[in-house]
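# below are the sequence and a predicted model for it; my questions follow.
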Amino acid sequence: MTRRYAAKNEKNEWFIKRKRSRVSFRGTLRYCSLAVHQRLEQGRVDDLWSWAFMAVELRDPLPWAHLMHPETVQAVKEETPIEKLCSTGTSRIFIPIMKHFQKLGYYDRPDYQMIFNTRGPHDAVHFAAGPHSGCLLRPMINRSPPRSLPKTCRATG
C-alpha cells in the first residue's frame, strides 16, 4: 500500500523520486485526495488531505460520506468549496490549511510549521464532541516534557 517517494542519491542527499504518470487507486474513497481519484502519484500533501478530511468529519459530516460510486465522490469533492466543507464550528480552522494544500503539487513540501501554528478557540483545536472534546491535535503534538493527561482525554475501556 505504500511507496517510498524519497530516496538518497550517491552523495547521500535526499531527493523526491520522479512521479509516475499513472498509478492505481490506493486509499479510502471517503478520505483520499483528488490526486488519488485522478490516479496521479501521491505525495506528502495527499496524506495531509486525508488527515484534514478525517479531522473535519469528526465535527461535521463530509458532503460525500453517503456516496459509494468513485466518480460521484470525486465530482462532489471537486464541486464543494473549502468554505462550505469547513463552514461550521471549529472546522473553519481548516480553511487556510486546505487552501495551502490546493497550491501544492507532488514535489512541493507542505508548510508543516504553518499547519502546526494554526490555532483554534482557546489555543487548541477542538473537534471531537463529547468526553474527548479538545483532545485531538495540540495535546498530541505537545513538545514539552510528558505530563498527566486530563481525565477526559484518557482512554477508557
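Ah, there it is.
# how much space between Lys8 and Asp47?
Taking CB to CB, to the nearest Å as the measure, Lys8 falls 21 Å from Asp47. Heads up, the C-betas are built off the backbone N, CA and C, glycines and all.
# same question, Trp64
Separation of Trp64 from Asp47 (CB to CB) stands at 19 Å.
# what about these two, which has more around it?
Taking other CB atoms under 10 Å, Trp64 and Asp47 do not tie; Trp64 has more neighbours (19 against 13).
# wait, the more buried one sits on Glu71?
No: if you go by CB atoms under 8 Å, Trp64 and Glu71 don't touch, sitting 11.2 Å apart.
# wait, Thr90 touches Val56, no?
No: counting by CB under 8 Å, Thr90 sits too far from Val56 to count as a contact (9.5 Å).
# using the three-state scheme, assign the residue most central in space within the chain.
Residue closest to the average C-alpha location in the chain (CA atoms, centre = their mean): Trp51, at 2.5 Å. Under DSSP: H, G, I helix; E, B strand; the rest coil, the three-state class of Trp51 is helix.
# give the contact list for Arg44.
Tyr5, Leu104, Asp108, Arg109, Pro110 (CB atoms under 8 Å, 6 or more residues apart in numbering).
# scratch that, Arg39
Arg22, Val23, Ser24, Phe25.
# 7 Å - rerun?
By CB atoms under 7 Å, 6 or more residues apart in numbering, Arg39 lies in contact with Arg22, Val23, Phe25.
# ok, the second one - how many residues close by?
Just to be clear, that refers to Val23. Neighbours of Val23 under the rule other CB under 10 Å: 15.
# now swap in the last one and tell me
Phe25 has 11 neighbours, counted by other CB under 10 Å.
# thought Val36 was touching it, still the case?
Yes: using CB atoms under 7 Å, Phe25 is in contact with Val36, at 6.4 Å.
# do a quick rundown of the strands in this structure.
Along the chain, counting by DSSP state E, strands occupy 6-8, 14-16.
# same list, these, but as a markdown table with mean neighbour count, mean pLDDT and distance to Cys86 please.
A markdown table is the format used below for those (neighbours: other CB atoms under 10 Å; pLDDT from 0 to 100; distance: least, CB to CB, whole Å):
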| stretch | mean neighbour count | mean pLDDT | distance to Cys86 |
| --- | --- | --- | --- |
| strand 6-8 | 10 | 87 | 30 |
| strand 14-16 | 11 | 88 | 29 |
